[in-house]
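Visitor: What follows is a predicted structure for the sequence shown.
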Amino acid sequence: MHTFIPIATLVAALVWAPQAQAHAFLDRAMPAVGSTIHVPPTEVRLRFSEELEPAFSTIRVLDKNGVQVDKMDKHVDRADPAILSVSLPPLAPGTYRVVWRVLSVDTHVTKGDFSFDLAP
Amino acid sequence: MNELSIAIRTIHFISTLVLFGAFVFFIWIVKPVVPGMPDSSLTAQRTLHRRLWQIAAWSLIAAIGSGILWLATEAVLMSGLGVERALAQETLGIVLNETLFGRLWEIRFGLAIALAVLLVSIRSNLNNCGRRIPVICLLLAGTLLATLAWSGHAAAGRGANHAIHLFADAAHLLAAGAWFGALIPLVLVLVCALRIPSPENAGFAIHATRRFSTLGVASMTVLVSGGVANSWYTVGSVDALFVTRYGQLLLLKLSLFAVVLVLAAINRLYLAPRLPTVPETACGASVSPLLRALCRNAIMEMALGLAIITIVGALGIMAPASHMWHLLHHHSGM
């Protein structure tokens, strides 16, 4: 009985606990997820539910051919470490995909992507 | 990696809890009781001191080992690189110097090394090591344990809630260490009294049980208070407790803890009052049934404690119920 309880609980914990879950959820994006905009944005700005670790948080903006078009200057906002952004050069009309991977300060990784359209 | 993370966290939690508990037992129970014991118990005292040192030493080794493995797994998970590249000097350097977790781990390794040095220094003079070094060890072990709060969900809090959550988590950890960690040496004392039923062993076991009982009440109070505060931040609502996996696992943990409370209540309210009022007059054979029952309950508490800590290891890799609940409602448009 004394060994059964911890072993049974270990099995239950391994079965019950799903894959390590994302903790920093995407709260808001600018441009918004799936939006169509008419003015080329100067940056993509993502706000998450938790503060981020800059060292392992990345964001890329890709064009329809999968080519990275941002300025590769991703940074976490010093005043609000839950915001991750990257600057953009002037973009041509088209569909763009934002791909992100962030590490929250409680050591959990979240990743995702979304698209936005830049209309003429 | 999921299962490996849970196993490593569980081992690390257990080893740091036991490490802290060993010093708590020495300072709260052994130091006050031993001076009043007869000279005929000197051999038993020396054995107990040696056993406590061994518990502390082995749990420190396990804590350092599991701490290194935890750092390695985090380097892999954080970087998203393969094992070889994640454990390269460059990546580890980034983890250690540019993340909260890494900087915390540097501090904790420093504490562990300091503890190791002190333990080695008293190894050859366990019976006359005084009080100062054990107290310093207690503070170092307590800090090593409490700082685990910064590696969990409390670290991601914001504003005033951040400080409150961290404080509650740290208090919860220390209380768990004082209860669970001190159970092992208590069981050793009880087993010794049962195997060698001399009046000296029985007397010390009775003293130890009474002082542990007082420690247990204080620990349980802080455990429950800290647990309620933690749940406020990580669960947030009764609905989230039942609907999310995190909440369901937490319910299992609370159920096991409820059984622990029942056992503790039996020990304190039924068994302990029946022990001789003057332990020095205890006849080993006459108190054996009581000590046997106490020992059995203490072992059961340890088993339940191990199960609870395993659940804590799993909860640590999961998104808090409050986050999942928010996500469910956000996506459903509610």
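Guide: Right, received. Where do you want to start? Model, not experiment: these values are computed from the prediction.
Visitor: list the contacts for B:C129?
Guide: Taking C-beta atoms under 8 Å, 6 or more residues apart in numbering or on different chains, we find B:C129 in contact with B:I122. Heads up, the C-betas are built off the backbone N, CA and C, glycines and all.
Visitor: give me that answer again for 10 Å
Guide: Each residue near B:C129 by C-beta atoms under 10 Å, 6 or more residues apart in numbering or on different chains is listed here: B:F26, B:H49, B:W53, B:L118, B:S121, B:I122, B:R123, B:C137.
Visitor: Could you pull up the contacting residues of B:R268?
Guide: By C-beta under 10 Å, 6+ apart, the contact set of B:R268 is B:T209, B:R210, B:F212, B:S213, B:T214, B:G216, B:V217, B:M220.
Visitor: redo that, cut-off 6 Å
Guide: B:S213 (C-beta atoms under 6 Å, 6 or more residues apart in numbering or on different chains).
Visitor: Quickly note the distance from it to chain A.
Guide: B:R268 sits 21 Å away from chain A, taking C-beta to the nearest C-beta, to the nearest Å as the criterion.
Visitor: Name the SS class of that residue, please.
Guide: The three-state label given to B:R268 by DSSP: H, G, I helix; E, B strand; the rest coil is helix.
Visitor: What confidence value was assigned to B:H329?
Guide: We have a pLDDT of 65 for B:H329.
Visitor: And A:L118, by the same measure?
Guide: At A:L118, pLDDT is 96.
Visitor: That one: neighbouring residues, count only.
Guide: Residues contacting A:L118 under the criterion other C-beta atoms under 10 Å in any protein chain shown number 18.
Visitor: what's the closest residue to it other than its chain neighbours sitting at in phi/psi?
Guide: The shortest distance from A:L118 to any non-neighbouring residue, by C-beta to C-beta, 6 or more residues apart in numbering or on different chains, is to A:P93 (5.1 Å). Main-chain dihedrals, A:P93, degrees, to the nearest 10: phi -50, psi 140.
Visitor: And the pLDDT at A:A22?
Guide: With respect to pLDDT, A:A22 has a value of 46.
Visitor: so where is chain B shaky, pLDDT-wise?
Guide: B:158, B:278-285, B:324-334 (pLDDT under 70).
Visitor: That one against chain A: which residues are in contact?
Guide: Applying C-beta under 6 Å from any C-beta of the partner chain, one finds that chain B approaches chain A through B:2-3, B:74, B:78, B:94, B:98-101, B:153, B:155-156, B:249, B:299, B:303, B:306-307, B:310-311, B:314, B:317-319, B:327.
Visitor: Which ones among those residues lie within helices?
Guide: Using DSSP state H, the subset of these located in helices is B:2-3, B:74, B:78, B:94, B:98, B:100-101, B:249, B:299, B:303, B:306-307, B:310-311, B:314, B:327.
Visitor: Can I have the buried ones of those as a ChimeraX selection?
Guide: Selection command for ChimeraX covering only the buried members of those, criterion 16 or more other C-beta atoms under 10 Å in any protein chain shown:
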select /B:74,78,94,100,101,249,299,303,306,307,310,311,314,327
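Visitor: Could you grab the helix/strand/coil label for residue 64?
Guide: Went with chain A since none was named. Under three-state DSSP, A:K64 comes out as coil.
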